[in-house]
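Enquirer: Here is my input, please return the structure:
(chains A and B)
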Amino acid sequence: EDQVTQSPEALRLQEGESSSLNCSYTVSGLRGLFWYRQDPGKGPEFLFTLYSAGEEKEKERLKATLTKKESFLHITAPKPEDSATYLCAVQVKETSGSRLTFGEGTQLTVNP
Amino acid sequence: NAGVTQTPKFQVLKTGQSMTLQCAQDMNHEYMSWYRQDPGMGLRLIHYSVGAGITDQGEVPNGYNVSRSTTEDFPLRLLSAAPSQTSVYFCASSYGGLKLFFGSGTQLSVL
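Expert: Below you'll find the model as predicted:
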C-alpha cells in the first residue's frame, strides 16, 4: 500500500531561522512527488513537482529535494507569511491522473 | 479567471438527508477529482474523472456518487448523509493529471 509520512507534525520557527520539513514515502513506483501549501480555510496551492531522485526545485525561500525514499522542503530565512500547512503528495505509476496520495501535512508557524 | 469554484462554502445536514456539492472549473481541464480532508487523516480521494462521461472510484467512495456530463462540472452527491461524512471537501482539476488546482472547499457538518 502506498504511504506518505510527513514530519514533524508541527514546527515553530523564529523569523530567519532556517529548517527543513520531511516527507518519506513508500510506493510501488513513483511517477511524481508534489508539495502544496495550504492556508487556513483555503484549498491547497501547488508549489513543486519532483520526478526523479536528485532533482531539486526552488521558489523564493523554498527549496524541494528528492531522494529514492524521501523529499525535503528546505525553508531558508523564513518570514511570518510562510506560516501555513505544507502538504506532500505522491502519484504512483500505472495510476490515472488526479490520483494523489497525501501525507497529513506539517503545520509551520513562523514567529516575528 | 475563476479557476475551480465550489459551492456551497458551508452546509449543515441532518442524518439521512441528501445533497449535492457543486464544482466547476473554467480552465478546460480534463481531470477532476474530489477529496475529503479530516484531522489526522490528510486528504483522501473520493472519486475522480479523466474526462466527460468517465468517472472512477478513489480511496473512500462509499456513500458518494459522481457524474461528469460536461468538461466544466463535476458534482458530488451525498445519497444519505451520515455523521462520518462530516468533513471538508475539496474539488480539484488538472491538465494531464499532475499539477492540481484546488477549490476553496466546502465545510460539511452532518448532525
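Enquirer: When you work out contacts or count neighbours from here on, use the C-alpha atoms and nothing else.
Expert: Fine.
Enquirer: show me where the chain has strands.
Expert: Using chain A. A:3-7, A:10-14, A:19-26, A:30-38, A:45-50, A:56-59, A:62-66, A:70-75, A:84-92, A:101-102, A:106-111 (DSSP state E).
Enquirer: You answered for a different chain; I wanted chain B.
Expert: Using DSSP E, strands in chain B cover B:4-7, B:10-13, B:19-25, B:31-38, B:42-51, B:54-57, B:64-66, B:76-78, B:87-94, B:101-102, B:106-110.
Enquirer: picking that back up, the strands of chain A: which one's closest to chain B?
Expert: Among the strands of chain A, strand A:101-102 comes nearest to chain B, with 5.7 Å by Cα to the nearest Cα.
Enquirer: low-scoring stretches of chain B, by residue?
Expert: Along chain B, segments meeting pLDDT under 70 span B:1, B:97.
Enquirer: Kindly report the residues of it close to chain A.
Expert: Chain B comes close to chain A at residues B:31-33, B:40-45, B:48, B:50, B:58, B:90, B:93-94, B:96-105, as judged by Cα under 8 Å from any Cα of the partner chain.
Enquirer: switch to 7 Å and redo it
Expert: Contacts of chain B with chain A, taken as Cα under 7 Å from any Cα of the partner chain, map to B:31-33, B:40-43, B:48, B:90, B:96-105.
Enquirer: Enumerate every residue touching the closest residue to residue A:35 other than its chain neighbours.
Expert: Excluding the flanking residues, the one nearest residue A:35 by Cα to Cα, 6 or more residues apart in numbering or on different chains is residue A:88, at 4.7 Å. By Cα atoms under 7 Å, 6 or more residues apart in numbering or on different chains, residue A:88 lies in contact with A:23, A:34, A:35, A:36, A:102, A:103, A:105.
Enquirer: how about those residues in a markdown table, adding pLDDT, distance to residue B:54 and neighbour count?
Expert: A markdown table is the format used below for the contacts of residue A:88 (pLDDT from 0 to 100; distance: Cα to Cα, whole Å; neighbours: other Cα atoms under 10 Å in any protein chain shown):
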| residue | pLDDT | distance to residue B:54 | neighbour count |
| --- | --- | --- | --- |
| A:23 | 98 | 32 | 25 |
| A:34 | 96 | 25 | 23 |
| A:35 | 97 | 27 | 24 |
| A:36 | 97 | 27 | 20 |
| A:102 | 94 | 23 | 26 |
| A:103 | 96 | 27 | 24 |
| A:105 | 97 | 30 | 30 |
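Enquirer: hang on, the earlier thing: let's see the pLDDT reported for the residue nearest to residue A:35.
Expert: At residue A:88, the model reports a pLDDT of 97.
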